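Visitor: how does the following fold in three dimensions:
(4 chains)
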Protein chains: 2
Amino acid sequence: MELYGERGYEQTTVTEIAKRAGLTERTFFRHYADKREVLFAGSALLRERLVSGLEGAPPSAPPIEAVAGALQAAAAVFDERREQARQRQRVITANAELQERELVKLASLATAMREALRLRGVSEPAAGLAAEAGIAVFKVAFERWIDSVGERGMGAFILEGLAGLESLMAGGRP
Amino acid sequence: MELYGERGYEQTTVTEIAKRAGLTERTFFRHYADKREVLFAGSALLRERLVSGLEGAPPSAPPIEAVAGALQAAAAVFDERREQARQRQRVITANAELQERELVKLASLATAMREALRLRGVSEPAAGLAAEAGIAVFKVAFERWIDSVGERGMGAFILEGLAGLESLMAGGRP
DNA sequence: GGCTTGATGACAGTTGCTGACATCGAGGGT
DNA sequence: ACCCTCGATGTCAGCAACTGTCATCAAGCC
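Guide: Down below sits the predicted model:
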């Protein structure tokens, strides 16, 4: 992160990263599958929160409410590390390769939610739709949260996003 | 595509592709930014269809209906080349790097739709939400279409997806 | 003290991708 | 017909990401 911040992602070679960490290039690749993965190792935590959020929802709750709860649980992760999240996002938005990887991580979150919904008894294609729509709301809310100035928590943006999408799907014209 | 089909994506080197095409490796990279791009050059057509679908919708139509029309216009592209689409998708699902690039292309479609919606007068965050939700429906519909056996057009899956998402957002329990 | 085992180093090799310069063929102007 | 420009291609050298293989080494275990 230091090096990525100092000279940018592309201008940083793996050899430099390894040297700064007091290791060999080869050893770096034993810990991270590739150069990008350094920035995304933490996404496992997000997945856990989403999944346990879905598992923790009352069995009687409709899918969208379960998803809403899971998104709230995930949003809390960001509120705890607001500045770190912004710094990280600055590096990512500055580089196309990193944005690719971020999309992959989001897709894997969608898959995890989809499977957790299936376990709740939600059938296809509803499970896939609910998961993808949830991630869509998450993306928009995250972007707005990052660009926001105040101390507003990400959960508020999630709520707004859910309400907005609900209105849109009902034929609303905001 | 021949080589990717014969021996798989990773086992095919750019040198081989260039030789098969009667060109040099260097010339290959003058036409395609990278090795993956060969499979995604056609996505520009998809974007055009989506955008002109949005532009062509009656100004009075609510966002979700404009998106629905655009998705239908895009779906037609696939019905015309069903077998080709399947073959391509087989190559892509067999390789992680290619799935990454596919996600990038989908994200760029979402961005294009978002901007087209803004031009229709839809404001944020509704434009972003509608675009992302539309792509979510598209993803699920495409997956179901690829896995389907009959001659059913992709447009039918799009319609089902839209209806399903509408029901979900209204608190439905399918 | 010897043994296994997991992490690391050393090193060579492949391949995607880029920069710099030379070449060549098609049109365009005179 | 002659030259001239220009776009596409070839040639060559090189970097950096990533991988396979084997040696080394330290920690714990018998």
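
Visitor: export stretch A:87-102 as PDB, just CAs?
Guide: C-alpha atoms of stretch A:87-102 as PDB (Å, rounded to 0.1, in the frame of the first residue of the first chain):
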ATOM      1  CA  GLN A  87      -7.300   5.600   0.200                       C
ATOM      2  CA  ARG A  88      -7.700   2.100  -1.200                       C
ATOM      3  CA  GLN A  89     -10.400   3.200  -3.600                       C
ATOM      4  CA  ARG A  90      -8.200   6.000  -4.900                       C
ATOM      5  CA  VAL A  91      -5.600   3.500  -5.900                       C
ATOM      6  CA  ILE A  92      -8.200   1.300  -7.500                       C
ATOM      7  CA  THR A  93     -10.000   3.900  -9.500                       C
ATOM      8  CA  ALA A  94      -6.600   5.000 -10.900                       C
ATOM      9  CA  ASN A  95      -6.000   1.700 -12.600                       C
ATOM     10  CA  ALA A  96      -8.000  -0.400 -15.000                       C
ATOM     11  CA  GLU A  97      -6.600  -3.800 -14.000                       C
ATOM     12  CA  LEU A  98      -7.500  -3.100 -10.400                       C
ATOM     13  CA  GLN A  99     -11.000  -2.200 -11.400                       C
ATOM     14  CA  GLU A 100     -11.300  -5.500 -13.200                       C
ATOM     15  CA  ARG A 101     -10.300  -7.300 -10.000                       C
ATOM     16  CA  GLU A 102     -12.800  -5.400  -8.000                       C
END
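
Visitor: can you give me how far that stretch is from the chain middle?
Guide: How far stretch A:87-102 lies from its chain's middle: 12 Å, per C-alpha atoms, centre = their mean, to the nearest Å.

Visitor: wait, does it make contact with DNA strand C?
Guide: No. Between stretch A:87-102 and DNA strand C, judged by C-beta under 7 Å from any atom of the strand, nothing touches; the nearest distance is 9.4 Å. The C-beta positions use only the backbone N, C-alpha and C, and glycine is treated the same way.

Visitor: same question for that stretch: list its buried residues.
Guide: For stretch A:87-102, burial by neighbour count (16 or more other C-beta atoms under 10 Å in any protein chain shown) applies to A:88-89, A:92, A:95, A:98, A:100-102.

Visitor: same deal with stretch A:112-122?
Guide: The neighbour-count check on stretch A:112-122 (16+ other C-beta under 10 Å) flags A:112-114, A:116-117, A:120, A:122 as buried.

Visitor: picking up where we left off before, among the buried residues of stretch A:87-102, which ones are in strands?
Guide: Cross-referencing the buried residues of stretch A:87-102 against strands under DSSP state E gives no overlap.

Visitor: pretty sure A:Phe28 is touching A:Val14, no?
Guide: Yes. Using C-beta atoms under 8 Å, A:Phe28 is in contact with A:Val14, at 5.6 Å.

Visitor: elements contacting the worst-scoring helix or strand of chain A on mean pLDDT?
Guide: In chain A, the helix or strand scored least confidently by mean pLDDT, DSSP states H and E is helix A:2-7, which has a mean of 89. On a contact count with 3 or more C-beta pairs under 8 Å, 6 or more residues apart in numbering or on different chains; DSSP states H and E, helix A:2-7 meets helix A:14-20, helix A:82-93.

Visitor: is that helix positioned near DNA strand D?
Guide: No. Judged by C-beta under 7 Å from any atom of the strand, helix A:2-7 makes no contact with DNA strand D; its nearest approach is 10.5 Å.

Visitor: other residues contacting that helix?
Guide: Here helix A:2-7 makes contact (C-beta atoms under 8 Å, 6 or more residues apart in numbering or on different chains) with A:12, A:16-17, A:20, A:39, A:87, A:91.

Visitor: of these, which are in range of DNA strand D?
Guide: Near DNA strand D, by the rule C-beta under 7 Å from any atom of the strand, you find A:Thr12 out of the contacts of helix A:2-7.

Visitor: tell me which two of the contacts of helix A:2-7 sit farthest apart.
Guide: A:Glu16 and A:Gln87 (19.2 Å; C-beta to C-beta).

Visitor: which helices and strands sit right next to the strand or helix carrying A:Leu165?
Guide: Per DSSP states H and E, A:Leu165 falls inside helix A:154-169. With contacts defined as 3+ C-beta pairs under 8 Å, 6+ apart, the packing partners of helix A:154-169 are helix A:63-80, helix A:126-147, helix B:63-80, helix B:126-147, helix B:154-169.

Visitor: repeat that with 6 Å
Guide: Where contact means 3 or more C-beta pairs under 6 Å, 6 or more residues apart in numbering or on different chains; DSSP states H and E, helix A:154-169 is packed against helix A:63-80, helix A:126-147, helix B:126-147, helix B:154-169.
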